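A.B. asks: with the sequence up front, the predicted model follows.
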There are 2 protein chains.
Amino acid sequence: MNDVALANQPTKELFIKMVVDAWNASTNQVTKLFDELSDEQIMAEAAPGRNTGIYLLGHLTAVTDRMLPLLGLGERSYAQLDKPFLATPDKSGQEIPSVQELKQYWKEANAKLSAAIATVSPDEWLAKHTSVSAEDFAKEPHRNKLNVLMNRTNHQSTHYGQLIYLKPKN
Amino acid sequence: MNDVALANQPTKELFIKMVVDAWNASTNQVTKLFDELSDEQIMAEAAPGRNTGIYLLGHLTAVTDRMLPLLGLGERSYAQLDKPFLATPDKSGQEIPSVQELKQYWKEANAKLSAAIATVSPDEWLAKHTSVSAEDFAKEPHRNKLNVLMNRTNHQSTHYGQLIYLKPKN
């Protein structure tokens, strides 16, 4: 088989694998980093005057948790994170969970999302997500569930770049 | 048409649009940020002791420039950037181009890559990139050109998260 013949293998499955693999790689990278950092390091700002690690941890957990209903994959678990970590900026004086609690939520939200992702059929990935109207989707079929996962991967990568700064310099 | 019927529209073209759109959005975001920053701000470190903006600008330009041969899309233009911005870390005392020169290279490398991307056929996107062997690709067909573009988007997003810190705090 030449390259182009190979490329004609079932295309949907291949694309879905690419996007899901990239999401998983990004999530594993973030989890590994949080596991390497001390609670004190996670409490610190990524750079002077910028978001703290704990804010970014809560923020990324809330975003992952919200993907369940957004992708039509079930109920979310941590709606209480939206106010302190999505609706308001860091250091707004709200009561927030501890680093250890948030790390637990992070892992549980990701485990639940990963399990749900594994059940999605190829055609479902190409269906519309729940925040786009049927009318808009008819005109813009790229606004599908797989595109949400791809864009959330980029969002997570952006914050990963910042979280790296929580690690001590070599 | 229901969602699933819509989802059966030509799948390759749809996926390719999703990935290319995400790349373009990321590149435009980085370009806009560099255009907003002064040369002095770009010369500064993103955080104390971390990479400077100029290093990240050179690094991202080299990565984009290398994508042309990697994707089989032609010759690169700025091989001289590899040593200072890929092979060695920041502040290694090498002579490097000015911010203005690098911003020009960034825009030219992206214009050249975008023009080349627009010529790639759907089947070519699913063919192997030039750094994977035919044997490996036969077993791992996800290691195709489109996957390179998707992963480079994530890489760029990671550094974008850091580059944001060059902007003055609100």
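C.D. replies: Sure, I can see it.

A.B. asks: could you check the pLDDT of A:K12?
C.D. replies: Predicted confidence (pLDDT) at A:K12: the value is 88.

A.B. asks: again, but for A:F85
C.D. replies: 98.

A.B. asks: pull the contacting residues for it.
C.D. replies: Residues counted as contacts of A:F85 (Cβ atoms under 8 Å, 6 or more residues apart in numbering or on different chains) are A:Y55, A:G58, A:H59, A:T61, A:A62, A:I96. Just so you know, the C-beta spots here come from the backbone N, C-alpha and C atoms, and that holds for glycine as well.

A.B. asks: residue nearest the centroid of chain A?
C.D. replies: A:T64 (4.4 Å; Cα atoms, centre = their mean).

A.B. asks: report the secondary structure element holding it.
C.D. replies: Per DSSP states H and E: A:T64 is located in helix A:53-70.

A.B. asks: quick check: next helix or strand after that helix?
C.D. replies: Counting by DSSP H and E, what follows helix A:53-70 is helix A:82.

A.B. asks: any low-confidence regions in chain A?
C.D. replies: Low-confidence segments of chain A (pLDDT under 70): A:1-9.

A.B. asks: again, 80 this time
C.D. replies: Applying pLDDT under 80 to chain A flags the ranges A:1-10, A:170.

A.B. asks: what's the longest helix in it?
C.D. replies: Ordering each helix of chain A by length in residues (DSSP state H) puts helix A:11-36 first.

A.B. asks: with adjacent residues omitted, what lies nearest to A:L33?
C.D. replies: A:L163 (5.7 Å; Cβ to Cβ, 6 or more residues apart in numbering or on different chains).

A.B. asks: helices or strands up against the host helix or strand of the one you found?
C.D. replies: Element membership for A:L163, per DSSP H and E: helix A:145-163. Packing partners of helix A:145-163 (3 or more Cβ pairs under 8 Å, 6 or more residues apart in numbering or on different chains; DSSP states H and E): helix A:11-36, helix A:53-70, helix A:122-125, helix B:11-36, helix B:145-163.

A.B. asks: among the ones you listed, which comes closest to B:T88?
C.D. replies: Closest to B:T88 of the helices and strands packed on helix A:145-163 is helix B:145-163 (Cβ to Cβ; 16.7 Å).

A.B. asks: okay, now A:A47: neighbour count?
C.D. replies: Neighbourhood size, A:A47 [other Cβ atoms under 10 Å in any protein chain shown]: 20.

A.B. asks: just read off the phi/psi values of it.
C.D. replies: Dihedral angles of A:A47 (phi, psi; degrees, to the nearest 10) stand at phi -150, psi 160.

A.B. asks: ok, A:E45 next?
C.D. replies: Torsion angles, degrees, to the nearest 10, at A:E45: phi -80, psi 140.

A.B. asks: return the set of residues that bridge with it.
C.D. replies: As for beta bridges, A:E45 partners with A:T52 under DSSP bridges.

A.B. asks: residues contacting it?
C.D. replies: A:N51, A:T52, A:G53.

A.B. asks: ok, those vs B:S114, which is closest?
C.D. replies: A:N51 (32.0 Å).

A.B. asks: can you tell me the helix or strand for the residue nearest to the closest one when sequence neighbours are not counted?
C.D. replies: Spatial nearest neighbour of A:N51, excluding adjacent residues (Cβ to Cβ, 6+ apart): A:D90 at 4.7 Å. Using DSSP H and E, A:D90 sits within no helix or strand.

A.B. asks: so who does A:D90 touch?
C.D. replies: The neighbours of A:D90, taking Cβ under 8 Å, 6+ apart as the test, are A:N51, A:T52, A:Y55.

A.B. asks: can you pick the most crowded of these?
C.D. replies: Looking at the contacts of A:D90 with neighbours defined as other Cβ under 10 Å, the largest count falls to A:Y55 at 24 neighbours.

A.B. asks: and that one, how far from chain B?
C.D. replies: The gap separating A:Y55 from chain B is 14 Å, by Cβ to the nearest Cβ, to the nearest Å.

A.B. asks: tell me the contacts of that residue?
C.D. replies: Listed by Cβ under 8 Å, 6+ apart, the contact partners of A:Y55 are A:F85, A:D90, A:K91.

A.B. asks: again, 10 Å this time
C.D. replies: Neighbouring residues of A:Y55 by Cβ atoms under 10 Å, 6 or more residues apart in numbering or on different chains: A:42-43, A:45-46, A:84-85, A:88-92, A:96, A:102, A:159.
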